[in-house]
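Any chance you can model this:
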Amino acid sequence: MIVDDVLVDKLANLSKLEFDEEGKKAIKADLSKILNFMEKLNELNTDGIAPLVYINEEVNIFRDDEVNYPITKEEALKNAPLKDADYIKVPKFVKGTKY
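Numbering: from 1, shown residues only. Sure, this is the predicted structure:
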């Protein structure tokens, strides 16, 4: 594939980017390097090699969920400025809206 101004302009338009002439030259050079690298990879014989799905073979180790109560209800209510027997009271902050 040939990287020219037309290709760079098309990619810039699709990605909503703008380049000045110096930036366009840099992008053309970078795209050429990328494509050359991909051509090198195409030269490798990959017959019999399984596709890489994961980088490592580690498996996620999840811990079991444990219910614990770091503070009691009474301790939580003790520091609340407004409360009733079982709940912390907060001011109403949602206003009704009309659609």
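
Kindly indicate whether residue 40 is helix, strand or coil.
Each residue gets one of three states, and residue 40 gets helix by DSSP: H, G, I helix; E, B strand; the rest coil.

Could you give the number of residues near it?
9 (other CB atoms under 10 Å). All C-beta atoms are positioned from the backbone trio N, CA, C, and that covers glycine.

Now the terminal residues of stretch 79-95, how far apart.
27 Å (CA to CA, to the nearest Å).

what about it, average pLDDT?
For stretch 79-95, mean pLDDT is 85.

ok, residues contacting that stretch?
Defining contact as CB atoms under 8 Å, 6 or more residues apart in numbering, one finds that stretch 79-95 is touched by 73, 76, 77.

does the spatially most distant residue from the centre of the chain sit in a helix or strand, and which one?
When distances to the mean C-alpha position of the chain are computed (CA atoms, centre = their mean), the maximum falls on residue 85, with 44.2 Å. When secondary structure is defined using DSSP states H and E, no element contains residue 85, which sits outside every helix and strand.

Next, format the contacts of stretch 79-95 as CSV and append secondary structure.
Written out in CSV, the entries for the contacts of stretch 79-95 read as follows (three-state DSSP):
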residue, secondary structure
73, helix
76, helix
77, helix
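
pLDDT below threshold where in this protein?
Judged against pLDDT under 70, the low-scoring parts of the chain cover residues 96-99.

need the helices for it, in chain order.
For the chain, the helices identified by DSSP state H occupy 5-14, 21-42, 73-78, in order along the chain.

Mind putting those helices into JSON lines with distance to residue 67?
Shown next, in JSON lines, are these (distance: least, CB to CB, whole Å):
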{"stretch": "helix 5-14", "distance to residue 67": "51"}
{"stretch": "helix 21-42", "distance to residue 67": "51"}
{"stretch": "helix 73-78", "distance to residue 67": "14"}
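
just to revisit the earlier point, return the member of the contacts of stretch 79-95 nearest to residue 49.
For residue 49, the closest of the contacts of stretch 79-95 turns out to be residue 76, at 58.1 Å, with distances computed as CB to CB.

Nearest approach to residue 65 belongs to which of the helices of the chain?
Each of the helices of the chain was checked against residue 65 via CB to CB, and the shortest separation belongs to helix 73-78, namely 20.7 Å.
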